[in-house]
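**Student:** model the following, please.
(chains A, B, C, D, E and F)
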Amino acid sequence: MSRLSIIPKLKRRKILDAIASGKRMDGRGLEEYREISVRRGVVEKAEGSAEARIGDTWVVAGVKIEIGEPFEDTPDEGILVCSADFAPVASPTFEPGPPDEASIELARVVDRGIRSSDALSLKDLCLIPGRKVYVIYIDLCILNHAGNLLDAASLAAVAALMEAKKPIYEVRDGEVYPTGEVEPLKLRRLPIAVSMAKIGDVIVLDPTFDEEEVMDTRITVTVDEEGNVCAVQKSGPQGLSVEEIWKAIEIAVNKAPMLREKLEAAL
Amino acid sequence: MSRLSIIPKLKRRKILDAIASGKRMDGRGLEEYREISVRRGVVEKAEGSAEARIGDTWVVAGVKIEIGEPFEDTPDEGILVCSADFAPVASPTFEPGPPDEASIELARVVDRGIRSSDALSLKDLCLIPGRKVYVIYIDLCILNHAGNLLDAASLAAVAALMEAKKPIYEVRDGEVYPTGEVEPLKLRRLPIAVSMAKIGDVIVLDPTFDEEEVMDTRITVTVDEEGNVCAVQKSGPQGLSVEEIWKAIEIAVNKAPMLREKLEAAL
Amino acid sequence: MSRLSIIPKLKRRKILDAIASGKRMDGRGLEEYREISVRRGVVEKAEGSAEARIGDTWVVAGVKIEIGEPFEDTPDEGILVCSADFAPVASPTFEPGPPDEASIELARVVDRGIRSSDALSLKDLCLIPGRKVYVIYIDLCILNHAGNLLDAASLAAVAALMEAKKPIYEVRDGEVYPTGEVEPLKLRRLPIAVSMAKIGDVIVLDPTFDEEEVMDTRITVTVDEEGNVCAVQKSGPQGLSVEEIWKAIEIAVNKAPMLREKLEAAL
Amino acid sequence: MSEEKWRRVDGRAWNELRPIKIESGVLPNADGSAYIEMGRNKIIVAVYGPREMHPKHLAKPDMAVLRCRYHMSPFSTHPRRSPGPSRRDTEIGMVMRYALEPAIFLERFPRATIDVYAEVLQADGGTRCASITAAAVALVDAGIPMRDLVAACAAGKIEGHIILDLNDHEDKYGEADVPVAYMPRLDRVTLLQMDGVLHPDELRRCIELAIEGCQHIYELQREALKRKYEEVVEEVKEGE
Amino acid sequence: MSEEKWRRVDGRAWNELRPIKIESGVLPNADGSAYIEMGRNKIIVAVYGPREMHPKHLAKPDMAVLRCRYHMSPFSTHPRRSPGPSRRDTEIGMVMRYALEPAIFLERFPRATIDVYAEVLQADGGTRCASITAAAVALVDAGIPMRDLVAACAAGKIEGHIILDLNDHEDKYGEADVPVAYMPRLDRVTLLQMDGVLHPDELRRCIELAIEGCQHIYELQREALKRKYEEVVEEVKEGE
Amino acid sequence: MSEEKWRRVDGRAWNELRPIKIESGVLPNADGSAYIEMGRNKIIVAVYGPREMHPKHLAKPDMAVLRCRYHMSPFSTHPRRSPGPSRRDTEIGMVMRYALEPAIFLERFPRATIDVYAEVLQADGGTRCASITAAAVALVDAGIPMRDLVAACAAGKIEGHIILDLNDHEDKYGEADVPVAYMPRLDRVTLLQMDGVLHPDELRRCIELAIEGCQHIYELQREALKRKYEEVVEEVKEGE
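**Tutor:** Numbers count the residues shown, from 1 in each chain, chains lettered A, B, ... in the order given. Next comes the predicted model:
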């Protein structure tokens, strides 16, 4: 509750009362998502793109693919770079400027989900070891922030990767030459982020902006298609009991298949 | 007038009264420049340099020439980089720090005049396509701001280019080697920027600092030696009628030859 | 005295009274150092490291060695880069952020002492002229600021260099390959910085934080083993008479051997 | 006119705009918003305000301050753009402000700020004009009292032909580009820039052609606003 | 359990912590401080505060604000790190804050700030946990009233084995890393992150193992504080 | 003295200054200004103030704050310099402040700031000294009450010879460089730095030689100020 000093405690009271009755302010059940939609190919000029909406939350992800030098300690691996811009269009509280704590966390958790689940084989993205590799940029542009950005950003990022096509290069005499052809990035896993808020003693799924403002803490569990967990992030000023953690993991594993369906059905 | 909220409206009143009488505060006619002087070679260590003064406005331009890599999408062209520093020596209102809106605009409009008029053939500044090209830096240092920086900066920049000499390189086995010789940059056009302020219903040429503070809007028209327009920039919080635009173009085309003479006469 | 406007002048009064009696607030004589200790090898993962303490002042220096490109105007010399971080752990007045004036000065004076005394032969740090040289980074981390950072930083930096080992590279066909072996950096001189504060008419050695706050000016004289001066820095808002300067030089030349002993004795 | 026969890369007539789609009220959080597609340009504009100015010392005692920020998403161009603001972004933010300011009754909101944020999702030539067009719609959507709408488009010259509304290719390989913003009812040009080389007469023709384009766009802006208004009325009725 | 036989690169048992050394009160200037070595990690944490907040508008009327900054010295890693803050540093500062906040009676210091600065001198895997452990000790050393201590360590999986307290090599080549911070008396997890792939049951086992590790570390924290306290008492006596 | 015979690259005697030209009042906008050429160095210094300090919390209740900024134009050196401030610029701004502060009656302007801006148009060795010399003239030109002028120049050593006023080449290839600033009437050294290797006796000789140079420069400063003053008187007379 420690962040609540200035934000009206009244709002927290109302939200808690609603939750106590088993229904949330917007009428949802505690473990219910808002309406989810995923659409691919929204930015034709990008190598891959998608938008995801969860309720009024709206995120666009774009994938750009370039050629660059590998990192010194992984000379035979491509590079994945994930960034998030909390564009000031998205909320009265966002300001233009360099990425803040929240947008850095968002990008890093989405990145971790993709990286940990081995969704992309970075080894397959090497052209000339130590010298030329593919660099995959995933840029997340938040257009409207109505809570639970993380799940929407994660959906948009994975959908954009599903649809991304990388240019094919020919390697000749230690140089790379574009062939003009493209081929899909091979996506081996579809990691799904599921976020929950702990408010009082209750865990609610897919928190709204208001719920996030009054929550005690958030926990995001990213799950792959085999039901394995491939990233966890607890974020917020209160602790969790182990029972709450077990419950959060369980909810995430149960809900992920529904989100994965939305992802796979996206055009 | 919208920017006038804080600046004394009295000043505007006075300036308007003067203009109404056909004479400006400093005694000039509406379409008259202040005294103009251009001097070349003021900084011997630069590859080219010049200073321009219009009344008390004073700008120094320096040209430095280096070797660099071309941009990916223009592998056979040299690079032109134009920057402006509103050095805090120049005005009580300038502060040390990164370039602000006004200095960015100044550099971009000067750059556009030179680039659009094709004053420099960037194709001639390529040494090894895709790998080594000349990089021409034009740096504008504002020493005193007494209004109409743009015309002075443009004069100084073009004069510095007229006098600039580039080192000659020999290309051998895909590398470039300095020969120790130099030759002039070939300047094919001398674009001239002519700026006017609209104050009330009147257009005045070469506005002073005070006139700029109270003006409704500014329009800069850059003209080449054949009387063609090679850049336009309207800048200010009020609109212009088409008649005002036609008039501004006409004034610019008529006045440019006088400024070009000053430029060509400069030592 | 000009910086004293806000800081209690009372403190200056007290310090001056103590000095007048020939003893300082902490009981030291005017030309006496606080206890000095130097310890090498405190950060095993760095190529060289050391900590120096002078009284409660505590500085850690780390040396990292990498391969980079030489500067254009010294193609056959290695590169030395010295930086200081006034970590906010060290003082209630330090804030996180880019280096300020004081930390820039600190790094530059330490750097100058090492560079001027030719402690490191930069020519010996070239692998392939114009293309590959060793880059020696000395990073200074201030852990506790209790006055006279400069002498402590200088001791830590030189001690870290004494212990630093550089990886050996084999040069083959214009490329460098690590051999896996290392060898010590050859340190030819041990420059020693000796700092004094002028407070009123008196020069005191090794000023404390409080003394620095009320001092008129500081003078640092760096001395090599032959008793030559290899850097001087006067820093503070008051002037010095030539007699005061002669005296400062004399003190420094006399005191340096004692500090050099501490350095050489360090394990 | 021989230009009537000559055709452009994308098959348009010399005086033909690209397909334009404008939608207002697309962002639930913003006080006003609009989405525009102009050819392959895709831009979202949000308006926040009038609201309190931070930091306060930038406020004006007798009017609102308009602030405009133009930003291109990293994936909006090829190659990828760095996410930080470029010098071009800063300049476009400035000319957007100048283009929109004359149309707003700023004096009604002393000490306040009105923030206009344009986010370019895909760029295809003419983003500054499309951003201004969308911004004007978003300002009305935010309920901000306006003297007039502002519509914007460019004219220019390619292979000797004067043309309307240059796409990316025409912008890059053409002889000149003249972006114009225009208040149709007040008959004032509020944005005018030019790049390239034009005889003064050609420049006049470009400006006149661009103004014609703006008048057409103005109709599309009004339709978008009307459509939204009708939707709202519909919703209100349904809600009754 | 077959894991009892299998040994790690550094010879530890699967459920064995690295050698840990904690010392409090190491920095004369700070209000509180602690130094921790956890394996080859070497970290110093300083606490300044409660003190006045600058800039003031960030203060809260009814409680203190906790600010955490995590920073790695340029020489703490190989290759050298640039001295500026990385995105990783920013995220770790944030999760440190979340991990420590629940343990502090922030409401006792309205309008104030408490600043926690962690400086990593040498990094060897698990720096965020070691920083939190040291920070909790430094907070107590600063005399800040606490609900509980916070102890932190990671568990994870390598070559199919669940293990406690990963070192740098195990972190890099292992299958998963689960850093956990824990308040032993209040029985609450205040930091939980995960990287890698784990079956939910394995994840539970990792969390349980990490909590066991935290309980052990908690004893070491208390000993360090007691040692310091006794030293102070000693000094006071000597001074009498 | 054998040094009398030996000649320098540019033909000067060992104790000879480069040609110096000082002009005051060159910038119409500034409260005070000066232009100096010292060999091929070309530097403009502007003084603004005493004026209100922004931000206010940096002001001092009982005296003015002196701020100095040293900046090199990108074209002032070869190769081109990046326009942003370097660490060297920051250090020189600081030592300029220390060199000038003792000469100014700062206590007469509580809460104010006096800003000194040096802009180097061309650099040829010894820019910090030339900047200080010009700044002192600009401060007087701004009407700021001074205890004394401050004159500055360097001495140093090349090929075993002690010399006055090093140029760029001598600075780079010499054995030592000792920049000194000096208040002639108060007989105080306000800038002293040293780079290179010198026996303490040589260092003393360098400082003494530099002070002699400063005394000569002091005369040139006074002439420049007198010249300006006479011009002003002339103008006033003409205006009558």
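
**Student:** for chain F, what's its nearest residue on chain D.
**Tutor:** Closest residue of chain D to chain F, Cβ to the nearest Cβ: D:His57 (9.5 Å). The way it works is simple: take the backbone N, C-alpha and C, and place the C-beta from them, glycine included.

**Student:** typo on my end, it should be the stretch 51-200 of chain A
**Tutor:** Closest point on the stretch 51-200 of chain A to chain F, by Cβ to the nearest Cβ, is A:Pro98, at 16.8 Å.

**Student:** so what's that residue up against?
**Tutor:** Neighbouring residues of A:Pro98 by Cβ atoms under 8 Å, 6 or more residues apart in numbering or on different chains: D:Gly84.

**Student:** output stretch A:247-257 as PDB - backbone C-alpha positions only.
**Tutor:** The C-alpha trace of stretch A:247-257 is given here as PDB (Å, rounded to 0.1, in the frame of the first residue of the first chain):
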ATOM      1  CA  LYS A 247      -1.600 -19.600  -6.900                       C
ATOM      2  CA  ALA A 248      -0.300 -17.100  -9.400                       C
ATOM      3  CA  ILE A 249       1.800 -19.700 -11.200                       C
ATOM      4  CA  GLU A 250      -1.300 -21.900 -11.400                       C
ATOM      5  CA  ILE A 251      -3.500 -19.200 -12.800                       C
ATOM      6  CA  ALA A 252      -0.900 -18.300 -15.400                       C
ATOM      7  CA  VAL A 253      -0.400 -21.900 -16.500                       C
ATOM      8  CA  ASN A 254      -4.200 -22.300 -16.800                       C
ATOM      9  CA  LYS A 255      -4.800 -19.000 -18.700                       C
ATOM     10  CA  ALA A 256      -1.900 -19.100 -21.100                       C
ATOM     11  CA  PRO A 257      -3.600 -21.500 -23.600                       C
END
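
**Student:** residues in contact with it?
**Tutor:** When contacts are defined by Cβ under 8 Å, 6+ apart, stretch A:247-257 is touched by residues A:31, A:33, A:192, A:194, A:196, A:203, A:205, A:219, A:221-223, A:227, A:229, A:240, E:200, E:203-204.

**Student:** let me know whether A:Val242 touches E:Glu212 as I believe.
**Tutor:** No. Using Cβ atoms under 8 Å, A:Val242 is not in contact with E:Glu212, being 11.9 Å away.

**Student:** flag every buried residue along whatever helix or strand A:Leu259 lives in.
**Tutor:** Here A:Leu259, judged by DSSP states H and E, is contained in helix A:242-265. Neighbour-count burial for helix A:242-265, counted by 16 or more other Cβ atoms under 10 Å in any protein chain shown, picks out A:244-245, A:247-249, A:251-253, A:255-256, A:259-260, A:262-263.

**Student:** ranges for the strands of the chain?
**Tutor:** If you meant another chain, say so; for now it's chain A. A:36-40, A:48-54, A:57-68, A:79-85, A:126-128, A:132-144, A:165-172, A:175-184, A:192-199, A:202-205, A:217-223, A:229-235 (DSSP state E).

**Student:** that answer is for a different chain, and I need it for chain D
**Tutor:** D:20-24, D:32-38, D:41-52, D:65-72, D:112-122, D:151-158, D:161-164, D:176-183, D:188-198.

**Student:** what's the closest of those to B:Ser121?
**Tutor:** B:Ser121 lies closest to strand D:188-198 among the strands of chain D, at 14.2 Å (Cβ to Cβ).

**Student:** same for that closest one, what does it pack against?
**Tutor:** helix B:101-116, strand B:229-235, helix B:242-265, helix D:87-100, helix D:127-141, strand D:151-158, strand D:176-183, helix D:200-239 (3 or more Cβ pairs under 8 Å, 6 or more residues apart in numbering or on different chains; DSSP states H and E).

**Student:** hey, least reliable of the ones you listed by pLDDT?
**Tutor:** Lowest mean pLDDT within the helices and strands packed on strand D:188-198: helix D:200-239, a mean of 91.

**Student:** which positions within it qualify as buried?
**Tutor:** In helix D:200-239, counting by 16+ other Cβ under 10 Å, buried: D:200, D:202-207, D:209-214, D:216-218, D:220-222, D:224-225, D:228.

**Student:** quick one on the thing from earlier: ok, the buried residues of helix A:242-265 vs B:Ser37, which is closest?
**Tutor:** Nearest member of these to B:Ser37, counting by Cβ to Cβ, is A:Leu263, at 68.7 Å.

**Student:** surely the closest one meets A:Ile192?
**Tutor:** Yes. Between A:Leu263 and A:Ile192 there is a contact under Cβ under 8 Å: 7.3 Å.

**Student:** what residues do these two have in common as contacts?
**Tutor:** With Cβ under 8 Å, 6+ apart, A:Leu263 and A:Ile192 have common neighbours A:Leu155, A:Val158.

**Student:** if I look at A:Glu66, how far off is A:Ser83?
**Tutor:** Taking Cβ to Cβ, to the nearest Å as the measure, A:Glu66 falls 14 Å from A:Ser83.

**Student:** between the two, which one's more packed in?
**Tutor:** A:Ser83 (21 against 18; other Cβ atoms under 10 Å in any protein chain shown).

**Student:** what sits against the more buried one?
**Tutor:** A:Pro99, A:Ala107, A:Tyr137, A:Ile138, A:Asp139, A:Leu140, D:Pro74, D:Pro83.

**Student:** export these to CSV and append columns for distance to B:Arg115.
**Tutor:** Below are the contacts of A:Ser83 laid out as CSV (distance: Cβ to Cβ, whole Å):
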residue, distance to B:Arg115
A:Pro99, 33
A:Ala107, 36
A:Tyr137, 29
A:Ile138, 34
A:Asp139, 30
A:Leu140, 35
D:Pro74, 25
D:Pro83, 26
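
**Student:** neighbour-wise, which of the residues you listed leads?
**Tutor:** A:Leu140 (30 neighbours).

**Student:** please name the nearest non-neighbouring residue to residue 26.
**Tutor:** Looking at chain A here, since you left the chain open. A:Thr208 (6.6 Å; Cβ to Cβ, 6 or more residues apart in numbering or on different chains).

**Student:** my bad, chain D
**Tutor:** D:Tyr35 (4.6 Å).

**Student:** beta partners of that neighbour?
**Tutor:** Counting by DSSP bridges, D:Tyr35 is bridged to D:Glu23, D:Ile44.
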